[in-house]
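Undergrad: Requesting a structural model of the entry that follows:
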Amino acid sequence: MTYLHLENITKSFGNFFANDNISISIAAGSVHAILGENGAGKTTLMNILSGLYQPNYGQIYLLDKLIKISSPSVAINYGIGMIHQHFMLVPTLTVGKKTLMP
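TA: Predicted coordinates:
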């Protein structure tokens, strides 16, 4: 079942297109990662989903119902929130393996 669907989301700032016809479907209970190089539009897309920006074009569906996310509080009312990246949210991690002794 599709929980969230973004269809043809486009966001421009003047002549610069940060997002151009982005479509993605998110199934209920699934985990997704948005990956890309700096300037690829990841944060812009998440800011649209969390209500900080409005798309120039495109639709957002929640449980197959067309919704308009006009502000962060509206997004939160739909159960959508954003945790902004910050290096202090998680302690420094390592790929080293620890062995615990009984």
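
Undergrad: my guess is residue 60 contacts residue 3, does it?
TA: No: counting by Cβ atoms under 8 Å, residue 60 does not reach residue 3; the two are 11.7 Å apart. All C-beta atoms are positioned from the backbone trio N, CA, C, and that covers glycine.

Undergrad: higher neighbour count, those two?
TA: residue 60 (20 against 15; other Cβ atoms under 10 Å).

Undergrad: wait, what's in contact with that one?
TA: Listed by Cβ atoms under 8 Å, 6 or more residues apart in numbering, the contact set of residue 60 reads 4, 5, 6, 7, 9, 48, 49, 66, 67, 68, 69.

Undergrad: Tell me, how many residues neighbour the second one?
TA: By the other Cβ under 10 Å criterion, the neighbourhood of residue 5 contains 16 residues.

Undergrad: what are the bridge partners for it, then?
TA: When assigned by DSSP bridges, residue 5 has beta-bridge partners residue 25, residue 61.

Undergrad: What's the separation between it and residue 52?
TA: Residue 5 sits at a distance of 20 Å from residue 52 (criterion: Cβ to Cβ, to the nearest Å).

Undergrad: With residue 22 instead?
TA: 16 Å.

Undergrad: Show me the strands in the protein, by range?
TA: For the chain, applying DSSP state E gives strands covering 2-13, 16-27, 57-62, 65-67.

Undergrad: Now render those as TSV, adding distance to residue 37.
TA: Output for the strands of the chain, formatted as TSV (distance: least, Cβ to Cβ, whole Å):
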stretch	distance to residue 37
strand 2-13	18
strand 16-27	13
strand 57-62	22
strand 65-67	30
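
Undergrad: Turn these into CSV, including mean pLDDT and distance to residue 42.
TA: Output for the strands of the chain, formatted as CSV (pLDDT from 0 to 100; distance: least, Cβ to Cβ, whole Å):
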stretch, mean pLDDT, distance to residue 42
strand 2-13, 96, 12
strand 16-27, 96, 9
strand 57-62, 97, 16
strand 65-67, 97, 21
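
Undergrad: hmm, back to that, when residue 22 and residue 52 are compared, which one has more neighbours?
TA: residue 22 (19 against 15).
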